[in-house]
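Undergrad: I'd like to go over a predicted model; first the sequence, then the structure.
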Amino acid sequence: MFRFAVLLLLLVLSFALSAPAQVAILQIQVVEGEGAILQPGTRSSRPLVVQITDETGKPVAGTAVSFHLPDDGPGGTFSSGLRTDVVMSDSRGRATLHAFTANRTAGRFQIRIVASREHARAGTVTFQYIAELKPGTTAKAAAHGSHSGRWVVIALAAAGGGAVTALTAGRSGSTTPAATPAPPTAPVFSIGAPTISVGRP
């Protein structure tokens, strides 16, 4: 009987040591992709990566991490056409969302992130942006215009030496005539017809 009890105890201890430790607390942190700026209607090229750890800071693999896009307003959809996607954390405790397609509504939006493993859960949010472009304006042109802060002076001279007009162009691209003094009037010379008298010798 005593021997049976010892064997049973050893079996229980062996099972307890071989079983994976239960995670009591999960921690989640965004390590890449925070604050990304997307062009309307385009697919994101920058991955969103989160790190899952336990209460001691040790990476937790095999955690289900769900990403949730807004139901309306700025946002988008995942490759499945849905606004929710689930990724499992790898051996480093990292879950990577590779891409989603932004809609055409400009503004800031949040992605809700929830990590779940056994009875432990953790959540956070990350913010991203959809840029606003004017009709007919490319992203490259908009970026160039946003950094332009110089004033340009253009001088136009009329053919034949006419008056000179100065124009100034600022950030808005509008032009405003600037008053300039008129050039001095050139003197006018008048020469009459010559008179020749011939006398007798």
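TA: Okay, I see it. Residues are numbered from 1 along each chain as shown.
Undergrad: low pLDDT regions in the chain?
TA: The chain contains residues with pLDDT under 70 at 1-22, 134-201.
Undergrad: all the helices of it, in order from the start?
TA: In the chain, the helices defined using DSSP state H lie at 2-18, 139-146.
Undergrad: what residues of stretch 55-72 count as buried?
TA: Residues Val60, Thr63, Val65, Ser66, Phe67, His68, Leu69 are the ones in stretch 55-72 that count as buried (16 or more other C-beta atoms under 10 Å). For the C-beta atoms, the positions are set from N, CA and C on the backbone; glycine is no exception.
Undergrad: which of these lies closest to Gln128?
TA: Leu69 (9.7 Å; C-beta to C-beta).
Undergrad: please name the nearest non-neighbouring residue to that closest one.
TA: Excluding the flanking residues, the one nearest Leu69 by C-beta to C-beta, 6 or more residues apart in numbering is Arg83, at 4.1 Å.
Undergrad: can you tell me which of the buried residues of stretch 55-72 is closest to Phe100?
TA: Out of those, the member with the shortest distance to Phe100 (by C-beta to C-beta) is Leu69, at 6.9 Å.
Undergrad: quick one: the closest one from Gly76, how far?
TA: Leu69 is 6 Å from Gly76, where distance means C-beta to C-beta, to the nearest Å.
Undergrad: now do Ser45
TA: From Ser45 to Gly76 the distance is 13 Å (C-beta to C-beta).
Undergrad: then Asp85?
TA: Taking C-beta to C-beta, one finds Asp85 at 11 Å from Gly76.
Undergrad: please produce a markdown table containing the buried residues of stretch 55-72, extended by distance to Ala122.
TA: Below are these laid out as a markdown table (distance: C-beta to C-beta, whole Å):
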| residue | distance to Ala122 |
| --- | --- |
| Val60 | 10 |
| Thr63 | 9 |
| Val65 | 9 |
| Ser66 | 11 |
| Phe67 | 14 |
| His68 | 14 |
| Leu69 | 19 |
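Undergrad: higher neighbour count, Ser45 and Gly76?
TA: Neighbours were counted for Ser45 and for Gly76 using other C-beta atoms under 10 Å; Gly76 has more, 23 against 10.
Undergrad: touching, that one and Ala99? I think so.
TA: No - assessed by C-beta atoms under 8 Å, Gly76 is found out of contact with Ala99, at 10.0 Å.
Undergrad: what about Val31, distance to Thr96?
TA: 10 Å.
Undergrad: can you pull the contacts of Phe78?
TA: By C-beta atoms under 8 Å, 6 or more residues apart in numbering, Phe78 lies in contact with Phe67, Leu69, Thr84, Asp85, Phe100, Thr101.
Undergrad: thanks a lot, see you next time.
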